[in-house]
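Student: Got a predicted model here, sequence first, then my questions.
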Amino acid sequence: MLRFLTAGESHGPELVGIIDGLPAGLPIDREAIAAQLRRRQVGYGRGGRMHIEHDEADILAGVADGRTTGAPLTLRIINRDYANQQARPQPPLTVPRPGHADLVGAIKYGHSNLRFVSERSSARETAMRVAVGAVARLLLAEFGVTIGSFVQAIGGVQATIPDLPWSDVFALAEASDVRCPDVTAAEAMRQRIDEARRRKDTVGGVIVIVALGVPVGLGSYVQWDRRLDGRLAGAVMSIQAIKGVEIGDGFALAGRYGSEAQDAILPSANPPGWLRPTNHAGGLEGGVSNGQPIIVRAVMKPIPTTATPQRSVDLATGEGVPSQYLRSDTCAVPAAAVVGEAMVAWVLADALIEKLGGDSLAEMKGRAGDTG
């Protein structure tokens, strides 16, 4: 129903994104897109490139008079570092970095210069994903769906999430340079990042994305590829360096009795006539949204580009050599949370269009009213 493609390289002239399937008539707030791009660029532990790039998304097609036309929407983000790279010599890269796509990409596509792999596989691509996700968020907002995130752990430091309304938790995370709502843990996370930087190393962590206001009935249990939890997990897992995804209480459920792992359904005098006192399922049962907050948790491994050399092989000579250090972040976990929001927004927007149908926003809203 809804799809997007991105193109461009990390140090190429620009990134491009094409969104197909948006309903006509959706107001496009350029500042809202810019705000999401700014959120991705901040965070304790980011590298020097964030001082170079000032990401802005230009709209090239698919919008007229501030609203989508139903045609593909095309976005462009200029890479400011492109000019800097053009002025420097770029010898072939022949030593693959462990943990990156360098080696497998070279084998798959037959490249002898690993730059052809690293330029496309770079997490720089997520800038366009965030812009695309920002458009999806605009659609979701029309139906009362909002998305936030926070960092639960960095480098083994675990946060205690305050028992507050989700909006307050998001606000605390937004005010933190590590996106952590626990002030004490946030300071320990900064110290862990500083320690990693001194060690010429990197750290990973755990992010949590929460979607509020999601209506009952998105996704389906009737076919495996329509299950919303699977679609969300796949989208979040596709983010560079993400190595694990869980919904709701996830892996913690494995240690509980079945009677302790479910969310009771209790009668209520208020519509819709029932309530759920817990949300162990993370808002999804049988692959379908159940009206509870959708909670997605993901693990980000430490960034594999480290200033400390790692053992590798020069593919040009076959000799064992240390990996080459390329500029990178010490910690990108706070930024990954923003990218995770974008991917969750995209999947939910797709599921919403699937549920309601319609070629225009007005038609979708009419059908939303018909479904109650």
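Tutor: Alright, I've got the coordinates.

Student: who touches the residue nearest to Ser176 when sequence neighbours are not counted in this structure?
Tutor: The shortest distance from Ser176 to any non-neighbouring residue, by CB to CB, 6 or more residues apart in numbering, is to Ala186 (5.1 Å). Placement of C-beta: from N, CA and C, glycine included. Contacts for Ala186 (CB atoms under 8 Å, 6 or more residues apart in numbering) come out as Ala159, Ser176, Asp177, Val178, Cys180.

Student: Put the buried members of these into a PyMOL selection.
Tutor: Buried subset of the contacts of Ala186, written as a PyMOL selection, criterion 16 or more other CB atoms under 10 Å:
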select buried, resi 159+176+178+180
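
Student: Am I right that Ala298 is in a helix?
Tutor: No. Under DSSP: H, G, I helix; E, B strand; the rest coil, Ala298 falls outside any helix and is assigned strand.

Student: Check the contact between it and Gly234; I expect there is one.
Tutor: No. In this structure, Ala298 is not within contact of Gly234 by CB atoms under 8 Å, at 11.7 Å.

Student: which of the two has more neighbours?
Tutor: Ala298 (28 against 13; other CB atoms under 10 Å).

Student: buried ones in the helix or strand bottoming out on mean pLDDT in the chain?
Tutor: None of the helices or strands of the chain scores lower by mean pLDDT, DSSP states H and E than helix 81-86, at a mean of 74. Within helix 81-86, the residues that count as buried by 16+ other CB under 10 Å are Asp81.

Student: about what we covered before: helix or strand for the residue nearest to Ser176, which one?
Tutor: Using DSSP states H and E, Ala186 maps to helix 183-198.

Student: okay, Gly369: pLDDT?
Tutor: pLDDT, Gly369: 81.

Student: Let me see the confidence value for Ala87.
Tutor: Looking at Ala87, the pLDDT reads 69.

Student: actually Gly372, not the one I typed
Tutor: 51.

Student: residue boundaries of the helices in this protein?
Tutor: Secondary structure of the chain by DSSP state H: the helices cover 30-41, 81-86, 102-109, 115-121, 126-141, 166-174, 183-198, 228-237, 258-261, 333-356, 361-370.

Student: how many degrees apart are the longest one and helix 30-41 in direction?
Tutor: Taking axes from the mean of the first three to the mean of the last three CA atoms, to 10 degrees, one finds that helix 333-356 is oriented at 140 degrees with respect to helix 30-41.

Student: Going by contacts, tell me the helices and strands next to helix 333-356.
Tutor: Counting contacts by 3 or more CB pairs under 8 Å, 6 or more residues apart in numbering; DSSP states H and E, helix 333-356 packs against helix 30-41, helix 126-141, strand 146-154, strand 205-212, helix 228-237, strand 294-300, helix 361-370.

Student: what about that helix, average pLDDT?
Tutor: 98.

Student: before we move on, back to that, now the least confident helix or strand of the chain: how far from the chain's centre is it?
Tutor: 26 Å (CA atoms, centre = their mean, to the nearest Å).
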